[in-house]
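Asks: give me coordinates for this.
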Amino acid sequence: MQQTNLKNIGVRYLRLLSLLMITGGLVAPSVAFAQTRCFPVPQIMKLLKERYSETVMLRGDFGNGNQLIITSSVDGSSFTVFNLTPTGMMCLIGAGKDLELAEPVPDEGPPA
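Replies: Reported below is the predicted structural model:
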């Protein structure tokens, strides 16, 4: 089952990149995210809303001018994770499905 989930995440990631490339949104990646694709905020937000019904659900400040942005559909059936750069580009980190709130991890770690 784990392998199937990883395959689905990879397929969704490739589909998202393909859609952005087709629409002309492929922009040169930043130096810090050389292996990541970056896109203008309005374009990626429009695509996520139209294709996956995703909106920004979480935002966090890295303290260096970059922000972590997590978009999700209301039911959590899909989500996407980005790094928002100070220049206003959203760099794709990854995407997946079945987003849910997790139980806190115990300090002592999982049982042996």
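
Asks: dump stretch 98-112 to PDB, restricted to CA.
Replies: C-alpha atoms of stretch 98-112 as PDB (Å, rounded to 0.1, in the frame of the first residue of the first chain):
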ATOM      1  CA  ASP A  98      -5.300  12.300   2.200                       C
ATOM      2  CA  LEU A  99      -4.100  15.200   4.300                       C
ATOM      3  CA  GLU A 100      -5.200  15.000   7.900                       C
ATOM      4  CA  LEU A 101      -4.300  16.300  11.300                       C
ATOM      5  CA  ALA A 102      -2.000  14.000  13.100                       C
ATOM      6  CA  GLU A 103      -1.800  12.900  16.700                       C
ATOM      7  CA  PRO A 104       1.100  14.300  18.600                       C
ATOM      8  CA  VAL A 105       4.200  12.200  18.400                       C
ATOM      9  CA  PRO A 106       5.200  11.000  21.900                       C
ATOM     10  CA  ASP A 107       8.600  12.400  23.200                       C
ATOM     11  CA  GLU A 108       9.900   8.900  23.700                       C
ATOM     12  CA  GLY A 109       9.200   7.900  20.000                       C
ATOM     13  CA  PRO A 110       7.300   4.900  18.800                       C
ATOM     14  CA  PRO A 111       7.000   1.700  20.900                       C
ATOM     15  CA  ALA A 112       9.800  -0.800  20.400                       C
END
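
Asks: now that stretch: mean pLDDT?
Replies: Mean pLDDT, stretch 98-112: 75.

Asks: again with stretch 55-67
Replies: For stretch 55-67, the per-residue pLDDT averages 92.

Asks: in that stretch, which residues are buried?
Replies: 66, 67 (16 or more other CB atoms under 10 Å). The C-beta positions use only the backbone N, C-alpha and C, and glycine is treated the same way.

Asks: any idea how far apart the tips of that stretch sit?
Replies: 16 Å (CA to CA, to the nearest Å).

Asks: mind starting the numbering at 52 from now?
Replies: Noted, 52 is the first residue going forward, which turns the last one into stretch 106-118.
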